[in-house]
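Chemist: Need a 3D model of the sequence below.
(chains A and B)
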Amino acid sequence: MLINQIHRIGQAFYEGEQPVEIMIQMQNPVRSEDETQPPKIIVVVANITNLNDIQFKPDIIDYNPKKLNKYLLGLTSGSGKNYSLTLSPSWNGKAKDINFRKIKLISKTKLYKKTIFEVLREDYGDSATQLKILLEKVKQDENTLKKQISSLLKSEGHKNFNNPLIFKIRDKDGEKFLGEIPMMRRLYEYLFLGEMDKKYNGAKCNICGKTKSLREGFNLGLFTLDQTSFESAFFDRTTDFSCQYLMCTDCYLYTLLGFIIIKNNLQFFAYQIKQGQESIPIYHYIIPTVRDLKILKEQVEILNRAKKEYDDKEKKNITENILSLKENIESIKTKDKVRTPKQLERIKQDLEKRKKRQKNLLASISTSNKFNIEDLVINLYKQNKLIPIIDIYFKITNQKLNPKTKQIVSQINITSENIELLAVIFKEAIKKLEIKRIRLSSLKDLLPTRKFLHYYSSLLSLKPIERERYQQDCANILKSLFIKYINAKNIQTKKEYSYRKSLSIYELYNILFYEANLWR
Amino acid sequence: MLTDLSKNSKIEENKEEVENIYKEFKNQFELILKKFKDGKYLQENDTNFMFYLGALLNDTIFRQQKYFRTSGLLKQIVPFYKYISIEKAEMILNICLRLQRSISRTKMIKTSPLKKVAETLFNNISEKEFISSDEDLALCLITGYNLYSKAIFDVFSKEKSYELQYIKLWEFSNYKDNNSFKIGFLIAIYFFKIEEMQRKFLKTMSLLKKINRFLRKPKMKEAKKFLKEINSIALKVHSTMKYTSNKKSKIRNYLPGDFIQLRLFEYLNMELDSDINSLELFLGFITGFIWRYNFRLHKIKLDIDPIKQVNEPERILKNDQIVVTEEHFIKSLIEKNFQNQNAETSYLLGILFQAISQDEEKILKTRSLLKQFSFLFRTFELKNIKKTYLEIFRVYIKLWMNKVKTTYNPKEQTVKYFRKFPYIGAQLVFNFGKIIDFVNENNITLAFIQGYDSFRRLYNKLNA
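Modeler: Purely as a prediction, here's the structure:
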């Protein structure tokens, strides 16, 4: 599921950040129409040294992306009530076009059945009342402010203006952007996260399944049917998906972070579509599907590094794009593989330690009867007994492995000695049973996958196993199969419920563990 | 029991001596009866009377055969035996007394000393005192009869003693103190002996039908009804001419299987009906069945497990394919090397289950065993394992009956018996006695499934 993976990426990159800092990264960067000049934004400086006489002074400055922390531009995609602290004046030469409605709405919002100023006053004291007075002043002087701004824009020579409008406050200490005031950051958080403890009857978090501190989630255009409490409703007028993904606050922040990382680092250009005179770029995301968080982080970082060497505008075909990406990734990996001599020494020491341990283990199992493994395999193949050794061989070399089994196999250090000794054990086992053409992996039929992996890995690494527990795992499934088999009236239904294959696998494993002293 | 006329010829010479010997019979009978004094049957007046009535009946039959050389008395009495009440008991008493008197008149010998005792006992009982059930009264009558014939045996051959061989078996199979097991065991031996006799002398097979009801409900109530049927058949067999007049020189007043019946009464007398465990009763019944048809006691050693006495498997061909015999199965068990005895028993049970359920579907065309089994297998504990064993043998006995019925030839007096896996069946009873508790349930269920599957494997292995 996509949203789970996004959540996982966020979890991997989260390093104790505060929610505001995550949300600030979500802000849309401002772009200019002329690429040669930096983009511009309007700043209204409010002088509040004397609260009885507040004065506004509009100004136009260059947008600096490094100062994004201070601006508090507002989320582009957030919760449904997007009361931004900034205004986006879509100005076409008339003072009417500038709209202060968003700022007016802030004074009306309520949290925990209180007005927002009362909530802030508990932590920040008088500065909350200052804010209230300021907003009321903005309401009063709305028309004069609009005229001031439009006249300023005309004098600068603009015909259209679509970039945001920010406030700045002048105190006794000096001029400050809103992001520099801690109370404003808190207000920003409240505005976009809203009430934390909303209660939906019977609803659950889409990701972790919690029922506490739920909130309306994430406004991302994803459509699913397999999430809990997902409403597959289509809206007539809005494209708001926020009420469809219910999440708890933790999961919300993780997914937000994950989404930011995907948007900034894993977004790749695919091709362009021409629509009349304009050409619209179309992007694609590359999302790694690993579940382990450490490996996921590594892979995202590698992809990010590969992106830097990847030209967006040269290629126009997706397959070519991806091929070039793959080349980049491989070149990065080869660079990483070159290790420093210190690292090499460590690895060597680890290997020797492991070998010593395994030798001690194997010595306890059996010491005599050494022979060529190839002869054994050929012999058994002639007898038409395709034995589990080959199965193991395939398992190790086959590239179509599950990521999880691959993970396990990679952890185990299988040497040729190891397999030889295993072969001895297998041969004895086959003498005792008439087993033909059974693969070890068909133990999957007998056990659920997680348990199967446990036994399989323990067999390969010669770890001890509890005998009673193994029997317990096998018995219930065999029992139910056996009853079904016995009660079946036709031959066909009997074939369906045949317990024989799984029984013989059980016996094989039983003997393997028994002969190899694998029981604890 | 031998009471030859030639041996007893001295009796005719001196009449005083003869009467002394009859007194001795009576004294001996009462001596034996005293042994059962503590049990439940001698407490009531009505049952006490029935013992003496039985003894008197035996005495009159003895005299009739000895002096008149006829044996028509039992034939008169058999129809009364089936439902005994006050009136019928009185009728039996009157018949016996009439005969006693006629013998004493013609042969100038005093009537039996038992006659007075029986008469006085009967006169003292009022109608209200006949409380005991029909089955109990019948049982007491027969035991009285058999006790008297034992008294005669004891008088003539004081040194000899006769014991059942099967009793040895209980000591080794750990059922030494279990009376309900013993009762079941003896019922089985008694039943199968009488059943053979019936086929041989009466040429009928009515007793085989009677067993069905006991198989369905193996409880003490049914067992007593069943015993009554067996006893009535034993009386019938005795009353036929062929049985009594086989050799005319001998007096035969004893019933077939009387020693077994006496032994059975000993345990029935000791235990209350409510104390008897029906599960163990039936287990005993089945072991009796197995041992009677499959083993000669002098050939098999009881202190060693029956499985270990099996020989090496032989090669038997049928339709150009090797037949899987019991020896093969037992060999496979030894190769398996189970660490538990629990697993071993359930493995054996699996083998039995496979064979019998297959035969049931093939021959009887029913699936009763499978229906019961899936219910029992869900929680596979010691109790349920015993139950499955009993279910298996319930079907086994049905198969046995079916074979007897179909192969019976009345002209040549031959029958074929259904025999399968006697050693395994016997070994299982031995194991049940030893096992105390099952700890690991999974171990047992898996072993059972392995046992079930072992037939197919052996067949494939031998005919590869």
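
Chemist: isn't B:Arg263 right up against B:Leu186?
Modeler: Yes - B:Arg263 lies in contact with B:Leu186 (CB atoms under 8 Å); the separation is 5.9 Å. Just so you know, the C-beta spots here come from the backbone N, C-alpha and C atoms, and that holds for glycine as well.

Chemist: Can you classify the residue of the stretch 101-250 of chain A found nearest chain B as helix, strand or coil?
Modeler: Of all residues in the stretch 101-250 of chain A, A:Gly209 sits closest to chain B, with a separation of 32.8 Å (CB to the nearest CB). Secondary structure assignment for A:Gly209 (DSSP: H, G, I helix; E, B strand; the rest coil): coil.

Chemist: Next secondary structure element downstream of the longest helix along chain B?
Modeler: The single longest helix within chain B, with elements called by DSSP state H, is helix B:382-407. Tracing the chain past helix B:382-407, the next element assigned as helix or strand by DSSP states H and E is helix B:422-434.

Chemist: Past that next one, which element shows up next along the chain?
Modeler: helix B:441-462.

Chemist: who does that following helix touch, helix- and strand-wise?
Modeler: Packing partners of helix B:441-462 (3 or more CB pairs under 8 Å, 6 or more residues apart in numbering or on different chains; DSSP states H and E): helix A:467-487, helix A:500-515, helix B:326-336, helix B:341-359.

Chemist: Contact partners for whatever residue of chain A ends up closest to chain B?
Modeler: Proximity of chain A to chain B (CB to the nearest CB) peaks at A:Ala475, 3.6 Å away. A:Ala475 makes contact with B:Glu441, B:Asn442, B:Thr445, B:Leu446, according to CB atoms under 8 Å, 6 or more residues apart in numbering or on different chains.

Chemist: so where's the stretch 1-150 of chain A shaky on pLDDT?
Modeler: A:1, A:28-29, A:33-35, A:74-84, A:88 (pLDDT under 70).

Chemist: repeat for chain B
Modeler: Flagging of chain B using pLDDT under 70 yields the residue ranges B:1-13, B:158-162, B:241-250, B:436-439.

Chemist: At the contact with chain A, which residues of it appear?
Modeler: Within chain B, the positions lying close to chain A (CB under 8 Å from any CB of the partner chain) are B:335, B:370, B:373-374, B:377-378, B:440-443, B:445-446, B:449-450, B:452-453, B:456-457, B:460-461.

Chemist: May I see the buried residues of the longest helix of chain B?
Modeler: Residues of helix B:382-407 classed as buried under the neighbour-count rule (16 or more other CB atoms under 10 Å in any protein chain shown) are B:384-401, B:403-404.

Chemist: What of stretch B:270-286?
Modeler: B:Glu271, B:Ile276, B:Asn277, B:Ser278, B:Glu280, B:Leu281, B:Phe282, B:Leu283, B:Gly284, B:Phe285, B:Ile286.

Chemist: Next, format these as JSON lines and append secondary structure.
Modeler: As requested, the buried residues of stretch B:270-286 are exported to JSON lines (three-state DSSP):
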{"residue": "B:Glu271", "secondary structure": "coil"}
{"residue": "B:Ile276", "secondary structure": "coil"}
{"residue": "B:Asn277", "secondary structure": "coil"}
{"residue": "B:Ser278", "secondary structure": "helix"}
{"residue": "B:Glu280", "secondary structure": "helix"}
{"residue": "B:Leu281", "secondary structure": "helix"}
{"residue": "B:Phe282", "secondary structure": "helix"}
{"residue": "B:Leu283", "secondary structure": "helix"}
{"residue": "B:Gly284", "secondary structure": "helix"}
{"residue": "B:Phe285", "secondary structure": "helix"}
{"residue": "B:Ile286", "secondary structure": "helix"}
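
Chemist: so which of those residues would you say is closest to chain A?
Modeler: Minimum distance to chain A across those is 22.5 Å, recorded for B:Ile286 (CB to the nearest CB).

Chemist: Can you name the residues that contact that closest one?
Modeler: So B:Ile286 contacts B:Gly184, B:Ala188, B:Tyr389, B:Leu390, B:Phe393, B:Ile397, B:Gly425, B:Val429 (CB under 8 Å, 6+ apart).

Chemist: In contact with the third one, which residues?
Modeler: Looking back up the chat, that one is B:Tyr389. B:Tyr389 neighbours (CB under 8 Å, 6+ apart): B:Leu283, B:Ile286, B:Leu349, B:Leu352, B:Leu428, B:Phe432.

Chemist: The residue nearest to B:Tyr417 when sequence neighbours are not counted: neighbour count?
Modeler: Residue nearest to B:Tyr417 in three dimensions, not counting chain neighbours: B:Tyr293, with 6.0 Å by CB to CB, 6 or more residues apart in numbering or on different chains. Look at B:Tyr293: counted by other CB atoms under 10 Å in any protein chain shown, it has 13 neighbours.

Chemist: Smallest gap between chain B and chain A, at which residue?
Modeler: B:Asn442 (3.6 Å).

Chemist: how near is that residue to A:Ser458?
Modeler: 19 Å (CB to CB, to the nearest Å).

Chemist: picking that back up, could I get the pLDDT score of the residue of the stretch 101-250 of chain A closest to chain B?
Modeler: At A:Gly209, the predicted lDDT confidence score is 81.

Chemist: ditto for the one 5 residues further on
Modeler: For A:Leu214, the model assigns a pLDDT of 76.

Chemist: Got the phi and psi for it?
Modeler: Backbone torsions of A:Leu214, given as degrees, to the nearest 10, read phi -90, psi 150.

Chemist: bridging residues for it?
Modeler: A:Lys198, A:Cys248 (DSSP bridges).

Chemist: Test my guess that it contacts A:Tyr252.
Modeler: No - look at A:Leu214 against A:Tyr252 with CB under 8 Å: they stay out of range, at 9.5 Å.

Chemist: which one of those two has more residues nearby?
Modeler: Using other CB under 10 Å as the criterion, A:Leu214 and A:Tyr252 rank with A:Tyr252 on top: 28 against 23.

Chemist: How about the residues of chain A by chain B?
Modeler: Checking chain A against chain B by CB under 8 Å from any CB, the hits are A:432, A:434, A:468, A:471-472, A:474-476, A:478-479, A:482-483, A:486-487, A:499-500, A:503, A:506-507.

Chemist: List the contacts of the closest residue in space to B:Phe380 that isn't next to it in sequence.
Modeler: For B:Phe380, ignoring the flanking residues on the chain, the nearest one in space by CB to CB, 6+ apart is B:Thr445 at 5.1 Å. Counting by CB under 8 Å, 6+ apart, B:Thr445 touches A:Ala475, A:Leu478, A:Lys479, B:Ser346, B:Phe377, B:Phe380.

Chemist: Pick out whichever of the residues you listed sits closest to B:Tyr267.
Modeler: Nearest to B:Tyr267 out of the contacts of B:Thr445 is B:Ser346 (CB to CB; 30.7 Å).

Chemist: The closest one contacts B:Ala447, doesn't it?
Modeler: Yes - between B:Ser346 and B:Ala447 there is a contact under CB under 8 Å: 4.5 Å.

Chemist: between these two, which one's more packed in?
Modeler: Per other CB under 10 Å, whichever of B:Ser346 and B:Ala447 has more neighbours is B:Ser346, with 28 against 22.

Chemist: If anything else comes up later, I'll come back, but that's it for now.
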